[in-house]
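> A predicted structure for the sequence below; I have some questions about it.
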Amino acid sequence: MLEIAGLEVEFRTQRGVVRAVDGVDLALEVGSTTGLVGESGSGKSVTALAIMGLLPEPAARVIGGSIRLDGVELVGMPEAQLRRRRGSEVAMVFQDPMTSLNPVMPIGAQIVETLRAHLRHDRRAARRRAVELLDFVGIPGPSERLASYPHQLSGGMRQRVMIAIAIACEPKLLIADEPTTALDVTIQAQILELLRRTVDERGMTLLLITHDLGVVAGVCDRTNVMYAGKVVERAPTAALFRAPSHHYTRGLLQSIPRLDGPRKTILASIEGLPPRPSDGLRGCPFAPRCPARLDDRCWDEMPPLERLPGATAAHLVACWNPAPVPDERASA
Ligand SMILES: Nc1ncnc2c1ncn2[C@@H]1O[C@H](COP(=O)(O)OP(=O)(O)OP(=O)(O)O)[C@@H](O)[C@H]1O
Ligand SMILES: [Mg+2]
């Protein structure tokens, strides 16, 4: 249903041009749940904003590639048309509900406004639907809660309200960008469960963005790992955990925060920092940090995203020297 091909997004900054997304391909099937994982600055949010048509123009520009939703090209679509599609076709949940909710408007009025704008519900129907939505996302006493202001709700409850608003117009595609990062661990699990139930029961397609592989593990059928504006590994989530083959993915897996301990800094186990997308590397962007880099090739030539030898057809990796797939028989 969503097909992204060769997407390239640039930012013009005072320090020059930054290629934030560098040739991303991504295909989401109807009803699937897909994860997009990577460190800060890898281009996850910019990819999402490009899908939403919400890139901060003119600083940011799509300079190549295409984004098709049910066959309709979104790149270059006039803003008025994009606006109409937002909410009704694609909707997004952001990390911090406090910045996306209006602090001076009761939450009920915010949901009603969305419904009236897109679905032209009359006031009473919109109110009834708002109560249903709040109930669906697990807000206790939904009709009384309509009058609450965002600051009167806990962080988890605010995120539930954001999900209610996002699904109000039954979008086909829901994008959640770090929806649980600001929440503590137990609430995090509840919100992820709610997201999974939402897309499942309403037949939506989900793109879940996070820096935390632990988050995609319980939610996503397929996972894409992004590094420096590129997808470097893609696989069914179980296969990715069983046989991570890009050395960046392996590092990410070793740095999954443990639920029972203090949250470690992400990627404590990989030395160095990601290159800035403007560094103009020719080879693999991970080469400077890679424990398995080959002397010439990795510096000189970007490896294509290709089927991992010995793995299923759905497991792709962009690496000249990927970690081998463990032999199932040997480990059995
Ligand atoms: N407003 C901006 N102005 C200039 N450059 C930007 C801007 N927003 C993003 N970028 C560039 O795009 C790159 C990708 O940013 P993006 O927000 O997509 O990262 P991300 O993967 O979502 O990271 P995070 O996990 O921190 O949210 C950044 O490294 C930065 O170089
Ligand atoms: Mg982001």
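Great, that's in hand. Numbers count the residues shown, from 1 in each chain. Ligands and ions are numbered 1, 2, ... in the order given.
> Pull up the residues of the stretch 1-150 of the chain that are close to ligand 1.
Applying the criterion Cβ under 6 Å from any ligand atom, the portion of the stretch 1-150 of the chain that neighbours ligand 1 consists of 11, 13, 18, 20, 38, 40-46, 56, 59. Where C-beta positions appear, they are placed from N, C-alpha and C, glycine not excepted.
> Mind doing that once more with 5 Å?
Remark: the part of the stretch 1-150 of the chain in contact with ligand 1 comprises 11, 13, 18, 20, 40-46, using Cβ under 5 Å from any ligand atom.
> which of the residues you listed are buried?
Burial of these was assessed by neighbour count (16 or more other Cβ atoms under 10 Å); the buried members are 11, 18, 20, 41-46.
> Counting only strands, which of the residues you listed make the cut?
Cross-referencing these against strands under DSSP state E gives 11, 18, 20.
> Mind putting the buried ones among the residues of the stretch 1-150 of the chain next to ligand 1 into CSV with pLDDT?
Listed next are those as CSV, based on pLDDT from 0 to 100:
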residue, pLDDT
11, 95
18, 90
20, 95
41, 91
42, 94
43, 96
44, 96
45, 95
46, 97
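> quick one: which of the residues you listed is nearest residue 164?
Comparing those against residue 164 with Cβ to Cβ picks out residue 45 as the nearest, at 22.1 Å.
> Please identify the buried residues of the longest helix seen in the chain?
For the chain, the helix reaching the highest residue count under DSSP state H is reported as helix 185-202. Across helix 185-202, burial judged by 16+ other Cβ under 10 Å covers 187-188, 191-192, 194-196, 198-199.
> Given the next helix or strand after it, what are its sheet partners and their directions?
Downstream of helix 185-202, the first helix or strand assigned by DSSP states H and E is strand 205-210. According to DSSP bridges, the neighbouring strands of strand 205-210, each with its direction, are strand 33-37 (parallel), strand 173-177 (parallel).
> how about these in TSV, adding mean neighbour count?
TSV is the format used below for those (neighbours: other Cβ atoms under 10 Å):
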stretch	mean neighbour count
strand 33-37	25
strand 173-177	24
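> Switch those over to TSV; also include mean pLDDT and distance to residue 95.
Rendered in TSV, the data for those read as follows (pLDDT from 0 to 100; distance: least, Cβ to Cβ, whole Å):
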stretch	mean pLDDT	distance to residue 95
strand 33-37	98	14
strand 173-177	97	6
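> Quick one, which of the ones you listed gets closest to residue 127.
For the strands paired with strand 205-210, distance to residue 127 was read as Cβ to Cβ. The smallest value, 23.3 Å, belongs to strand 173-177.
> Centre of the chain to that closest one, how far?
Using Cα atoms, centre = their mean, to the nearest Å, we find the averaged C-alpha position of strand 173-177 to lie 7 Å away from the chain's own average C-alpha position.
> which residues are in contact with that strand?
1-2, 28, 44-45, 48, 51-52, 69, 89-95, 166-167, 195, 198-199, 204-209 (Cβ atoms under 8 Å, 6 or more residues apart in numbering).
> what about it, near ligand 1?
No. Applying Cβ under 5 Å from any ligand atom, one finds strand 173-177 out of contact with ligand 1, separated by at least 7.1 Å.
> between that strand and helix 185-202, how big is the angle?
Here strand 173-177 points in a direction 170 degrees away from that of helix 185-202 (axes from the mean of the first three to the mean of the last three Cα atoms, to 10 degrees).
> Low-confidence bits of this structure, can you list those?
256-281, 328-332 (pLDDT under 70).
> for it, which residue is closest to the average position?
residue 209 (2.1 Å; Cα atoms, centre = their mean).
> and the protein, what are its domains?
Domain ranges of the chain: 2-89+171-331, 100-170, per automatic domain parsing.
> which SS state does residue 114 fall under?
Residue 114 carries the three-state label helix when classified by DSSP: H, G, I helix; E, B strand; the rest coil.
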